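[1] Provided below are the primary sequence and the corresponding predicted coordinates.
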Amino acid sequence: MSARRGLVVILVVPLASCNLVQSPLNPVSPQARELLWLFVVFVAVLGAIWLAVMATLALSLRPRRPAGADPLAVDPAYERRAVALVTGLAIVTGLVVLVLTGLSYAGQRRLFGEEQAGITIRVLGHQWWWEVRYEDAAPDRVFTTANEIHVPVGVPVAISLDSTDVIHSFWVPSLMGKQDLIPGRSNAIRFTAERPGVYRGQCAEFCGMQHARMSLLVIADEPAAFARWRDGQVAPRREPASEEARAGEAAFVAAPCALCHQVRGTAAAGRNGPELTHLASRRTLAAGSLPLTRGSLAAWIVDPHGIKPGVNMPLIPLEPDRLNTISAYLAGLE
Amino acid sequence: MIRTALALVLAVLPAACQREERQARPSPVGGESREEVALVSLSPGSAGPVVATSGKAAQFEGNAYHLSQGKKLFVWFNCNGCHGQGGGGMGPALIDDRWIYGAAIENIVQTIREGRPNGMPSFRGRIPDDQIWELAAYVRAMSGNVPSSAAPARSDTLHPRPAENRTDPSPPVAGGLVPPGGERAQ
């Protein structure tokens, strides 16, 4: 009894780690629901077949021939039945494979259907972060951000995927299946978020030392909130409010930071690292490695390789007061 | 007997395995290294010029990780803007064998850090010290002066010359011409 209770506890405890932030079992788009349906059908059909095969195997181990009978004796009637059964099962196997192939093909047709997209977003994979560019017919409405994608609820979103270095894979399990980002090739994926919420995604193709810390958030907002967010992102950086932040901006532009990072509205115009114009409006830092606070900004600048070994952000020796003002400045870039 | 010998040979072979040390994280203490290089062999007095290097070169020369980082930084920091893929343009060519300010990695580090007359800007305080070393190591790879086993391989993008690991070594020739009036170095 106590052994059984122990087993139950062992089986139930892992369920505590389940959450719905990053789970294909929590679909919030028609595309993810399509995939979940395919998954359930495949698991049910193939699971039933596996159980039947195992049961047959177990049955075949049962002794049926009376002791002392001639092991080579053949019963013609039994042989005929056996041949018919095996032939029938072979045909059924073929049919099951055909039906499952058809289901999967039909699912793909629906997933990659040519639906008019309301928003086009270009996602560029870097080692190890995501560059996100919102396309617009008006050039002054195009803007770039990183590691956080906002989408309006109920609007079809088209995402085009490119890579700048190695192969990555874009995967937000609650919204869509995986799609690779391949250098020199443009891939595309579509989804329509149905409920507001925060959905986590992750690089799903091993891409180097920090593959595990290459995550992103997709945040589905109501259309009005999304429009407000988008207007805020299009604008240049907010003027530094305090003396400290003004000193931080001057230090940021003079330090090596400006060689790789862009803050629109200042002389910092590097394009190799993530765009920082509205950094403090994001929830995480370094592709989901840290929560975005002034403290973690300072920690990240002081020792990026302690937090994310191998990252392309270099260690830059800064005097304490410059580090302090720069982190105050960055934490105020909403 | 033969079997024992074979087992011994197989047991000894793994001793040749070597994995490169990757130092992604630079030393958190200390700013830039100190390099004193001599550009000419002349100096006052009978002794030759004073040369004192930090010895940091050993960590970067022939290290595949640093070389490939250097190749990436060469594009990121727009060295191409003047040195055009190593073939030269506004700045001198880097894939040839002529070295105006010396071919040793310390000389190149000083060139990037301090700048040189007629156009090469000083990147001190702009590029972190270890990245300057990575760039300098890569600049030597452009003319084939690093082990081909460590040099970067083919680029993903269009490339106007063979990959660094297929470049024939061009042993450095001292004293490319210093342009008298600021025109292109030859």
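    Cool, got the structure.
[2] Mind pulling up the pLDDT for the residue of chain B found nearest chain A?
    Distance from chain A to each residue of chain B (CB to the nearest CB) is smallest for B:R25, at 3.5 Å. For the C-beta atoms, the positions are set from N, CA and C on the backbone; glycine is no exception. On pLDDT, B:R25 comes in at 76.
[3] Residue ranges in the chain under the pLDDT threshold?
    In the absence of a named chain, chain A is used. Residue ranges of chain A with pLDDT under 70: A:1.
[4] Hmm, no, I was thinking of chain B.
    In chain B (pLDDT under 70), the answer is B:28-30, B:174-186.
[5] ranges for the strands of it?
    For chain B, applying DSSP state E gives strands covering B:98-99, B:173-174.
[6] Run through the strands of the stretch 201-334 of chain A in chain order.
    Using DSSP state E, counting those that start in this stretch, the strands of the stretch 201-334 of chain A run over A:215-221, A:284-285, A:290-291.
[7] Give me whichever of those is most buried.
    strand A:215-221 (a mean of 21; mean count of other CB atoms under 10 Å in any protein chain shown).
[8] which residues sit against that strand?
    A:28, A:130, A:147-153, A:172, A:175, A:193, A:195-203, A:229, A:283-284, A:287-288 (CB atoms under 8 Å, 6 or more residues apart in numbering or on different chains).
[9] do the same with stretch A:319-333
    Residues contacting stretch A:319-333 (CB under 8 Å, 6+ apart): A:237-238, A:240-242, A:244-249, A:251-252, A:255, A:257, A:263, A:276-281, A:292-295, A:297-298, A:301-302, A:318.
[10] If any of those residues are buried, give me the PyMOL selection for them.
    Buried subset of the contacts of stretch A:319-333, written as a PyMOL selection, criterion 16 or more other CB atoms under 10 Å in any protein chain shown:
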select buried, chain A and resi 237+238+240+244+245+247+248+249+251+252+255+257+263+276+277+278+279+280+281+292+297+298+301+302+318
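[11] Could you give me the ChimeraX syntax to select whichever of the contacts of strand A:215-221 are buried?
    Applying 16+ other CB under 10 Å to the contacts of strand A:215-221 leaves a buried subset, and the ChimeraX line that selects it is:
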select /A:28,130,147,148,149,150,151,152,153,172,175,193,196,197,199,200,201,202,203,229,284,287,288
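[12] near chain B, which residues of the stretch 101-250 of chain A show up?
    Contacts of the stretch 101-250 of chain A with chain B, taken as CB under 8 Å from any CB of the partner chain, map to A:D165, A:P183, A:G184, A:M209.
[13] List only buried entries from those.
    A:D165.
[14] JSON lines for the residues of the stretch 101-250 of chain A next to chain B, including secondary structure?
    JSON lines is the format used below for those (DSSP: H, G, I helix; E, B strand; the rest coil):
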{"residue": "A:D165", "secondary structure": "coil"}
{"residue": "A:P183", "secondary structure": "strand"}
{"residue": "A:G184", "secondary structure": "coil"}
{"residue": "A:M209", "secondary structure": "coil"}
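[15] ok, so of the residues of the stretch 101-250 of chain A next to chain B, who is nearest A:I121?
    A:I121 has its nearest neighbour among those in A:P183, at 19.1 Å by CB to CB.
[16] Spatially central residue in chain B, please.
    Compute the mean C-alpha point of chain B, and by CA atoms, centre = their mean the closest residue is B:A137, 2.1 Å away.
[17] residues contacting A:H126?
    By CB under 8 Å, 6+ apart, A:H126 lies in contact with A:S163, A:T164, A:D165.
[18] Kindly report the same for B:Q110.
    Here B:Q110 is in contact with B:E35, B:V37, B:Y101 (CB under 8 Å, 6+ apart).
[19] What separation do you get for the residue of the stretch 1-150 of chain A found nearest chain B and A:A48?
    Chain B sits closest to A:Q127 of the stretch 1-150 of chain A, with a gap of 9.5 Å, by CB to the nearest CB. A:Q127 is 44 Å from A:A48, where distance means CB to CB, to the nearest Å.
[20] A:G208 too?
    Taken as CB to CB, the span from A:G208 to A:A48 is 41 Å.
[21] tell me the contacts of A:F112?
    Applying CB under 8 Å, 6+ apart to A:F112 gives the contacts A:R190.
[22] Pretty sure A:P314 sits against A:A255.
    No: shown here, A:P314 and A:A255 do not form a contact pair, counting by CB atoms under 8 Å, at 11.2 Å.
[23] Make sure A:V97 is indeed in a helix.
    Yes: counting by three-state DSSP, one finds A:V97 located in a helix.
[24] can you pull the contacts of it?
    So A:V97 contacts nothing (CB under 8 Å, 6+ apart).
[25] Can you tell me, leaving aside adjacent residues, what's nearest to A:A245?
    Using CB to CB, 6 or more residues apart in numbering or on different chains and skipping residues adjacent in sequence, the residue nearest A:A245 is A:Y329, 4.6 Å away.
[26] same check, this time on B:V51
    B:A38 (5.2 Å).
[27] separation between the residue nearest to the centre of chain B and B:K56?
    B:A137 is 10 Å from B:K56, by CB to CB.
[28] do the same with A:E243
    39 Å.
[29] who has more neighbours, these two?
    B:K56 (19 against 10; other CB atoms under 10 Å in any protein chain shown).
[30] For that one, give me its contacts.
    So B:K56 contacts B:S33, B:W133 (CB under 8 Å, 6+ apart).
[31] give me that answer again for 6 Å
    B:S33 (CB atoms under 6 Å, 6 or more residues apart in numbering or on different chains).
[32] got it, and B:V146?
    B:G62, B:R140.
[33] again, only using 7 Å
    B:E61, B:G62, B:L67, B:A137, B:R140 (CB atoms under 7 Å, 6 or more residues apart in numbering or on different chains).
[34] B:I112 now?
    Counting by CB under 7 Å, 6+ apart, B:I112 has contacts B:F123, B:I132, B:L135, B:A136.
[35] next one: A:L103
    A:L103 touches A:L38, A:V41, counting by CB under 7 Å, 6+ apart.
[36] For the helix or strand hosting it, list every residue counted as buried.
    Assigned by DSSP states H and E, A:L103 belongs to helix A:76-111. Residues of helix A:76-111 classed as buried by neighbour count (16+ other CB under 10 Å): A:G107, A:L111.
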